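Need coordinates for the following:
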Amino acid sequence: MKPEEDPFRHHPELRDKITDPLTSFFRTFRVESILEKHPELEWVGEFLHTDDEREQSRLEALKDHPDEDLWVFAYGSLMWDPAFKFSEVRRAKVADYSRRFILKEIYGGRGNREVPGLMAALDHGDGCDGLAFRIPQDIVDVETEILWRRELVAPTYIPTFVTANTGDQQRKVLTFTADHQAEQICGEISRDEQINCLINGVGILGTSLEYLENIVAQFDALGIIDEESSSLLTQTRARCDAQKHLLDEAKP
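Numbering: from 1, shown residues only. As a prediction, the model looks like this:
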């Protein structure tokens with residue numbers, strides 16, 4: 001591979017911190033196969049997007065995108081496991097939006113109805129650090145189908161084009177913002193409830209705490225301090241330690 005073809009040429013520190021798309025669980029992700037494997041989640045089916053709805057959303061979002069490479073802004077799990085093929089990754093920042101931990105995960109990914117988990121959504125705010133991935137023009141159609149199957153499982157996000165700063169350049173990037181009409185988006189969630197969801201939320205994708213830890217780990221690799229993510233992780237770990245201490249004291 002020529003140096004100029006290396007997707008990690010701008011950020012070699014991320015080379016071992018982003019899942020190879022070809023080995024990603026989400027590369028071949030299908031709701032139907034998940035529900036077959038996990039019959040306890042059968043109830044979720046009626047709340048999810050159909051394939052036709054998902055495809056209509058994709059075509060509508062991309063209808064005005066020029067016939068060129070597509071940049072995708074990642075602020076959550078896409079930062080370490082995008083699943084789509086990319087030819088370049090850049091540190092990026094989006095103005096007028098913030099990463100907010102307001103998505104209560106109840107559909108089995110990192111939580112359930114009885115014990116919800118917590119994930120991030122991009123909402124209006126004062127700036128959000130993340131990563132921008134470039135999908136080459138000739139594979140945009142195929143790779144965005146994979147992206148939509150992963151991000152638009154349920155009515156949670158709105159596909160949106162925003163402006164991102166990548167180094168000294170501004171780019172139009174596709175991202176997924178919070179849909180406040182969706183049941184899972186809880187804009188007024190308290191800190192105490194966030195921490196409880198992070199401590200207890202678990203599903204087929206892992207724990208909610210691991211999700212937050214992965215976000216902070218990616219920022220650590222880039223030398224970024226995201227105060228909200230870091231403080232939430234610190235408070236959650238402190239609560240975990242306190243609960244463990246109480247349990248240890250209660251042991252005979």
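
worst-scoring helix or strand of this protein, pLDDT-wise?
helix 227-250 (a mean of 87; mean pLDDT, DSSP states H and E).

so what secondary structure elements neighbour it?
Helix 227-250 sits against strand 97-107, helix 191-200, helix 208-222, with contacts defined as 3 or more CB pairs under 8 Å, 6 or more residues apart in numbering; DSSP states H and E. Yep, even glycine has a C-beta here, placed from its N, CA and C like the rest.

mean confidence for the longest strand anywhere in the chain?
Criterion DSSP state E: the longest strand present in the chain is strand 112-124. Averaged across strand 112-124, pLDDT comes to 96.

Helix 227-250 and that strand, what's the angle between them?
150 degrees (axes from the mean of the first three to the mean of the last three CA atoms, to 10 degrees).

Now do the helix or strand following strand 112-124 and helix 227-250, the angle between them.
Using DSSP states H and E, the helix or strand that follows strand 112-124 towards the C-terminus is strand 128-135. Between the axes of strand 128-135 and helix 227-250, defined by the same axes, to 10 degrees, the angle is 110 degrees.

other SSEs contacting the next helix or strand after strand 128-135?
As assigned by DSSP H and E, the chain's next helix or strand after strand 128-135 is helix 140-151. Applying 3+ CB pairs under 8 Å, 6+ apart, we find helix 140-151 packed against helix 51-62, strand 70-74, strand 157-166.

make it 10 Å
When contacts are defined as 3 or more CB pairs under 10 Å, 6 or more residues apart in numbering; DSSP states H and E, helix 140-151 packs onto helix 51-62, strand 70-74, strand 128-135, strand 157-166, strand 169-178.

of all these, which lies closest to Ile18?
strand 128-135 (8.4 Å; CB to CB).

mean confidence for the closest one?
98.

Now do the residue lying closest to Ser24 once chain neighbours are set aside, the pLDDT please.
Nearest in space to Ser24, with sequence neighbours left out and distances taken as CB to CB, 6 or more residues apart in numbering, is Ala83 at 4.2 Å. Looking at Ala83, its pLDDT reads 97.

ditto for Glu183
91.

helix, strand or coil for it?
coil (DSSP: H, G, I helix; E, B strand; the rest coil).

Let me know whether Thr144 touches Asp69 as I believe.
No: judged on CB atoms under 10 Å, Thr144 makes no contact with Asp69 at a distance of 12.0 Å.

so what sits against both of those two?
Common neighbours of Thr144 and Asp69, using CB atoms under 10 Å, 6 or more residues apart in numbering, are Ile135.

The longest strand of the chain - contacts with which helices or strands?
Short answer (3+ CB pairs under 10 Å, 6+ apart): strand 112-124 packs on strand 97-107, strand 128-135, strand 157-166, strand 169-178, helix 191-200, strand 202-203, helix 208-222, helix 227-250.

low-confidence ranges in the stretch 1-150 of the chain?
Within the stretch 1-150 of the chain, the stretches falling below the threshold (pLDDT under 70) are 1.

and the least confident helix or strand of the chain, C-alpha only, in PDB?
What follows is helix 227-250, C-alpha atoms only, in PDB (Å, rounded to 0.1, in the frame of the first residue of the first chain):
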ATOM      1  CA  GLU A 227     -15.300  16.700  29.600                       C
ATOM      2  CA  GLU A 228     -18.800  15.300  29.500                       C
ATOM      3  CA  SER A 229     -17.800  11.700  28.600                       C
ATOM      4  CA  SER A 230     -14.800  11.700  31.000                       C
ATOM      5  CA  SER A 231     -16.800  13.100  34.000                       C
ATOM      6  CA  LEU A 232     -19.700  10.700  33.400                       C
ATOM      7  CA  LEU A 233     -17.300   7.800  33.300                       C
ATOM      8  CA  THR A 234     -15.500   8.900  36.500                       C
ATOM      9  CA  GLN A 235     -18.800   9.300  38.300                       C
ATOM     10  CA  THR A 236     -20.100   5.900  37.100                       C
ATOM     11  CA  ARG A 237     -16.900   4.100  38.200                       C
ATOM     12  CA  ALA A 238     -17.100   5.800  41.600                       C
ATOM     13  CA  ARG A 239     -20.700   4.600  42.000                       C
ATOM     14  CA  CYS A 240     -19.600   1.100  41.000                       C
ATOM     15  CA  ASP A 241     -16.800   1.100  43.500                       C
ATOM     16  CA  ALA A 242     -19.200   2.400  46.200                       C
ATOM     17  CA  GLN A 243     -21.700  -0.300  45.500                       C
ATOM     18  CA  LYS A 244     -19.000  -3.000  45.500                       C
ATOM     19  CA  HIS A 245     -17.700  -1.700  48.800                       C
ATOM     20  CA  LEU A 246     -21.200  -1.900  50.400                       C
ATOM     21  CA  LEU A 247     -21.600  -5.500  49.100                       C
ATOM     22  CA  ASP A 248     -18.200  -6.500  50.500                       C
ATOM     23  CA  GLU A 249     -19.100  -5.000  53.900                       C
ATOM     24  CA  ALA A 250     -22.400  -6.900  53.800                       C
END
